[in-house]
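Student: Let's see this in three dimensions:
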Amino acid sequence: MKFEVEVIRVGEMAADLLAGGHLIIFGDTPNEVLAEVCFMHTHGEIHGDIEVGDTVVLGQKKFVITAIGEEALQTLAELGHCTFCFHGGTDVELPGQICLKGEEEPEALTIGDKIVIL
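Tutor: The predicted model follows:
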C-alpha cells in the first residue's frame with residue numbers, strides 16, 4: 001500500500017464537485033472555505049512511488065491512475081491534498097490533479113470510507 005487514509009469529514013459542496021467529475025481530498029483543514037468542497041481525511045504518508053497505472057480505491061470503487069500533475073504528489077505528501085478527476089485522460093488540466101479511469105462512476109465518499117493507493 002502506497003497511501004491509505006480514512007474520510008473523517010465531508011464538505012457540504014464536495015458531492016456537487018464530484019458530479020462535475022472532480023473529487024477533492026485534503027487532510028483535515030481548518031480553512032472552512034476549503035472544507036466546504038473537500039472530503040477531509042486522516043493523516044497519511046506516501047510509501048513508495050505513486051505512478052501512472054497504480055490503482056486508487058475510493059470507498060468501494062477502484063480506478064486506475066492515467067495521469068499525475070507535477071505538483072500532485074508533493075501536495076498529497078505535505079497537505080493530504082489532491083484533486084482526482086475522472087475523465088481518464090493522459091493529461092492533467094491543473095498541476096495538483098491525478099486523473100483516473102474506471103469501469104464504474106465515482107460515488108461520494110462518506111465518513112469512515114478509505115482512500116487507498118496501491
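Student: tell me which helix or strand of the chain sits lowest on mean pLDDT?
Tutor: When the helices and strands of the chain are scored by mean pLDDT, DSSP states H and E, helix 32-37 comes last with a mean of 85.
Student: Tell me which other helices or strands it touches.
Tutor: With contacts taken as 3 or more CB pairs under 8 Å, 6 or more residues apart in numbering; DSSP states H and E, helix 32-37 sits against helix 14-19, strand 22-27. No exception for glycine: its C-beta is placed from N, CA and C like everyone else's.
Student: Of the ones you listed, flag the one that's most buried.
Tutor: strand 22-27 (a mean of 22; mean count of other CB atoms under 10 Å).
Student: Would you mark the buried spots in the least confident helix or strand of the chain?
Tutor: 35, 37 (16 or more other CB atoms under 10 Å).
Student: Can you tell me the closest non-neighbouring residue to residue 102?
Tutor: Nearest residue to residue 102 in three dimensions, chain neighbours excluded: residue 63, at 3.9 Å (CB to CB, 6 or more residues apart in numbering).
Student: Then residue 113?
Tutor: residue 59 (4.1 Å).
Student: In this model residue 111 seems to touch that neighbour, though I could be wrong.
Tutor: No. Counting by CB atoms under 8 Å, residue 59 stays clear of residue 111, with 11.0 Å between them.
Student: you'd agree residue 9 is up against residue 36?
Tutor: No. Using CB under 8 Å, residue 9 is not in contact with residue 36, being 10.5 Å away.
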